[in-house]
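Chemist: quick one: sequence and predicted model below, then my questions.
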Amino acid sequence: MDAIQQQMYDTWRAVRSGERPPPLPGTHDREVLRGLWGRYRSRRGAGARGRGEAWPRW
């Protein structure tokens, strides 16, 4: 079953039981990616150098 078929089945089941349908696939992708990027940056720490910076800039 692919994502579209799963979405259709979940929507049908929610309507049939009187619940709200689930969000469309990809609705919250931007927020998830921003959260992951923020976690990545915070793990690198304040003292970490970016790519290509072998020496500190004076």
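Modeler: It's in. Numbers count the residues shown, from 1 in each chain.
Chemist: from Tyr9, how far out is the residue nearest the centre of the chain?
Modeler: Centroid-nearest residue in the chain, with Cα atoms, centre = their mean: Val32, separated by 2.4 Å. Separation of Val32 from Tyr9 (Cβ to Cβ, to the nearest Å) stands at 23 Å. C-beta coordinates here come from the backbone N, C-alpha and C atoms, glycine included.
Chemist: where does this structure dip in pLDDT?
Modeler: For the chain, applying pLDDT under 70 flags the ranges 45-58.
Chemist: in it, which spans are helices?
Modeler: 3-17, 29-44 (DSSP state H).
Chemist: starting at the chain centroid, how far to the first one?
Modeler: Spelled out, it's helix 3-17. With Cα atoms, centre = their mean, to the nearest Å as the basis, helix 3-17 stands 22 Å off its chain's centre.
Chemist: what does that helix rub up against?
Modeler: For helix 3-17, the surrounding residues in contact (Cβ atoms under 8 Å, 6 or more residues apart in numbering) are 1, 20-22, 24-25.
Chemist: and those residues, which two are furthest apart?
Modeler: The span of those, defined through Cβ to Cβ, is set by Met1 and Arg20 at 21.6 Å.
Chemist: tally of neighbours for Pro22?
Modeler: 13 (other Cβ atoms under 10 Å).
Chemist: what's the spacing between Pro22 and Gln7?
Modeler: Pro22 is 7 Å from Gln7, by Cβ to Cβ.
Chemist: try Arg41
Modeler: 32 Å.
Chemist: the two - which one has more neighbours?
Modeler: Using other Cβ under 10 Å as the criterion, Arg41 and Gln7 rank with Gln7 on top: 15 against 11.
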